[in-house]
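>>> I would like to see how this sequence folds:
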Amino acid sequence: MMLQSFNAAARYAAIVIDADTGHVIHENEAAQRWYPASLTKVMTIYMTLSAIEAGRLRLDDILTVSGHAARQPSSKLGLRPGQTISVEHAIMAVTTRSANDAAVLLAETLGGTEANFAGMMTHEAHRLGMTSSSFQNASGLPDEGQISSARDLAILSATLIHQFPQHYHYFSATEFRYKGRVLPNTNRILKTYPDADGMKTGFTCGSGYNLIASAKRNGHRLIGVLLGARSSGERFEQMGNLLDVGFEKIGYADNRLPVSQLKADNSSPPPFQLSSNRCAGSAVQMGADTGSGSHEPIRIKPQDKHPRLTQKAVAAPPVVHAGGCATTRHKCHRQAAAAATPVAARKTHAKARLAKAAKKSEKTEKPEKERLTNSRPVEKKTARPKG
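Down below sits the predicted model:
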């Protein structure tokens with residue numbers, strides 16, 4: 001397969017859709033075929049949730065880990081052959097830790113083999129209208145046939161949220177508690193964007209740094225997909241910009257194209273995003289150009305500040321408690337505590353504060369000569385050169 005040259009500057013694919021209407025609010029090369037990396041696991045979880053709702057699988061079913069699942073490379077939970085784990089814990093391992101071993105275990109449970117499950121994934125993807133997508137594995141590990149697009153992944157994400165709202169919390173969890181360990185979610189968008197509440201990260205050398213995110217503000221839910229960032233930090237920053245663009249434009253949705261009607265582009269091969277340095281070997285294996293070049297960063301809103309960073313904090317509404325306290329909650333608690341303190345104790349505290357203030361005032365009024373005489377000499381520090 002002839003792959004796109006590494007020298008294209010700031011190549012990325014992105015889309016923002018209104019999750020309620022499916023209308024495209026913003027897009028850039030959204031129909032371009034791309035390596036999905038671990039965003040593949042959203043499809044794996046979609047298939048798992050479909051099986052649960054159909055009664056073919058239960059959250060408390062216990063699964064036994066195969067040798068093939070245990071041999072998966074990182075990221076992984078560290079499952080061993082013969083070990084058991086519940087379906088729900090396997091789902092959590094995939095959504096919070098992007099665990100390849102757990103994803104393959106679910107695939108083998110539903111498809112018999114991972115290869116057979118990949119065929120099931122592709123068939124279901126096409127049924128959903130993901131016409132550019134094909135899957136060779138359940139995890140998103142590098143494979144020339146593992147292909148999707150920002151358009152297709154937006155369709156998948158919206159479908160999952162609409163069909164399984166009762167299970168969406170698996171993508172929102174900030175941590176996963178397993179065998180006495182607390183494992184944090186690797187998806188930092190949950191912390192960096194105030195309105196974000198899911199979904200999934202992904203990375204391979206071919207795909208670059210990918211991210212699907214969903215956020216809800218004032219009753220409106222958006223889904224954003226970003227493919228091909230050059231660093232993990234860039235994908236989170238620019239996803240924030242994408243969501244800001246979406247929320248700014250969401251009120252102007254007249255005559256917008258539904259994402260399902262955005263024409264797929266199945267003629268252009270996926271670009272190989274990161275061909276230099278540690279990814280050079282992977283690029284050679286997949287036939288990509290290993291030449292390094294200069295790349296401009298993704299600039300979705302280069303001139304504008306994030307509205308979320310300039311919003312003023314809203315004062316807490318007044319609350320009324322017994323006894324006539326009507327103010328903000330924390331002030332009210334302080335007033336209540338003061339009222340509960342005995343009068344004698346309050347007088348003692350007041351005297352102590354006055355004595356402390358008088359002592360401080362006396363100290364500041366000493367003559368300059370006296371202060372210099374009584375003070376210790378100060379050693380002069382020399383600046384140390386920076387290494």
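
>>> Could you use CA atoms for every contact and neighbour count after this?
OK.

>>> The nearest residue in space to residue 224 that is not next to it in sequence: neighbouring residues, count only.
Counting by Cα to Cα, 6 or more residues apart in numbering, residue 224 lies nearest to residue 16, which is 4.4 Å off, once chain neighbours are set aside. For residue 16, the neighbour count with other Cα atoms under 10 Å is 32.

>>> Looking at stretch 185-192 now, give me its mean pLDDT.
Stretch 185-192 shows an average pLDDT of 95 in the prediction.

>>> Would you double-check that the residue nearest to residue 224 falls in a strand?
Yes: under DSSP: H, G, I helix; E, B strand; the rest coil, residue 16 sits within a strand.

>>> quick one, what contacts it?
Counting by Cα atoms under 8 Å, 6 or more residues apart in numbering, residue 16 makes contact with 24, 25, 26, 27, 154, 222, 223, 224, 225, 242, 243, 246.

>>> Beta-bridge partners for it, please?
Beta-bridge partners for residue 16, by DSSP bridges, are residue 26, residue 224.

>>> counting contacts, what elements does the helix or strand harbouring residue 85 pack onto?
When secondary structure is defined by DSSP states H and E, residue 85 falls within strand 84-86. Counting contacts by 3 or more Cα pairs under 8 Å, 6 or more residues apart in numbering; DSSP states H and E, strand 84-86 packs against strand 62-64.

>>> Neighbouring strands of the strand holding residue 85 in the sheet, and parallel or not?
With DSSP bridges as the test, strand 84-86 is paired with strand 62-64 (antiparallel).

>>> Are any of the contacts of residue 16 buried, and if so which?
24, 25, 26, 27, 154, 222, 223, 224, 225, 242, 243, 246 (16 or more other Cα atoms under 10 Å).

>>> just to revisit the earlier point, after the strand holding residue 85 comes which helix or strand?
Next along the chain from strand 84-86, counting by DSSP H and E, comes helix 87-97.

>>> quick one, the helix or strand following that next one and helix 87-97 angle?
Next helix or strand after helix 87-97 toward the C-terminus (DSSP H and E): helix 100-111. Relative orientation of helix 100-111 versus helix 87-97 (axes from the mean of the first three to the mean of the last three Cα atoms, to 10 degrees): 140 degrees.

>>> which helices and strands does the helix or strand just after helix 100-111 pack with?
Under the assignment DSSP H and E, the closest C-terminal helix or strand after helix 100-111 is helix 114-127. Applying 3+ Cα pairs under 8 Å, 6+ apart, one finds that helix 114-127 contacts helix 40-53, helix 100-111.

>>> repeat that for 10 Å
For helix 114-127, the elements it packs on are helix 40-53, helix 100-111, helix 150-163, judged by 3 or more Cα pairs under 10 Å, 6 or more residues apart in numbering; DSSP states H and E.

>>> what's in contact with it?
When contacts are defined by Cα atoms under 10 Å, 6 or more residues apart in numbering, helix 114-127 is touched by residues 40, 43-44, 46-47, 68-69, 103-111, 128, 130-139, 146, 148, 152-153, 155-156.

>>> among those residues, which ones are buried?
Taking 16+ other Cα under 10 Å as the criterion, what is buried in these is 40, 43-44, 46-47, 69, 103-111, 130-139, 146, 148, 152-153, 155-156.

>>> Redo the buried ones among the contacts of residue 16 as JSON lines? Include pLDDT.
Shown next, in JSON lines, are the buried ones among the contacts of residue 16 (pLDDT from 0 to 100):
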{"residue": "24", "pLDDT": "95"}
{"residue": "25", "pLDDT": "95"}
{"residue": "26", "pLDDT": "94"}
{"residue": "27", "pLDDT": "95"}
{"residue": "154", "pLDDT": "98"}
{"residue": "222", "pLDDT": "98"}
{"residue": "223", "pLDDT": "98"}
{"residue": "224", "pLDDT": "98"}
{"residue": "225", "pLDDT": "98"}
{"residue": "242", "pLDDT": "96"}
{"residue": "243", "pLDDT": "96"}
{"residue": "246", "pLDDT": "94"}
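
>>> Looking at those residues, spot the one nearest residue 98.
residue 225 (17.0 Å; Cα to Cα).

>>> With respect to residue 266, which of the helices and strands packed on helix 114-127 lies nearest?
Closest among those, using Cα to Cα: helix 150-163, at 11.8 Å.

>>> by contact count, what packs against the helix or strand just after the closest one?
For helix 150-163, the following helix or strand on the C-terminal side (DSSP H and E) is helix 169-172. Packing partners of helix 169-172 (3+ Cα pairs under 10 Å, 6+ apart): helix 40-53, helix 87-97, strand 196-204, strand 208-217.

>>> so where's the stretch 1-150 of the chain shaky on pLDDT?
In the predicted model, the stretch 1-150 of the chain carries pLDDT under 70 at residues 1-10.

>>> repeat for the stretch 151-300 of the chain
Scanning the stretch 151-300 of the chain with the threshold set as pLDDT under 70 gives 253-255, 277, 289-295.

>>> mind redoing it with 80?
Where the stretch 151-300 of the chain drops to pLDDT under 80, the residues are 251-255, 276-278, 280-281, 283-296.

>>> Name the nearest residue to residue 79, ignoring sequence neighbours.
Using Cα to Cα, 6+ apart, the closest residue to residue 79 is residue 70 (5.5 Å).

>>> likewise residue 17?
Residue nearest to residue 17 in three dimensions, not counting chain neighbours: residue 24, with 4.5 Å by Cα to Cα, 6+ apart.

>>> The strand or helix carrying that neighbour packs against which elements?
Residue 24 belongs to strand 24-28 when assigned by DSSP H and E. Secondary-structure packing of strand 24-28 (3+ Cα pairs under 10 Å, 6+ apart): strand 13-18, helix 150-163, strand 220-229, helix 232-249.

>>> The ones you listed: which one's closest to residue 281?
Closest to residue 281 of the helices and strands packed on strand 24-28 is strand 220-229 (Cα to Cα; 18.3 Å).

>>> Thanks a lot, catch you later.
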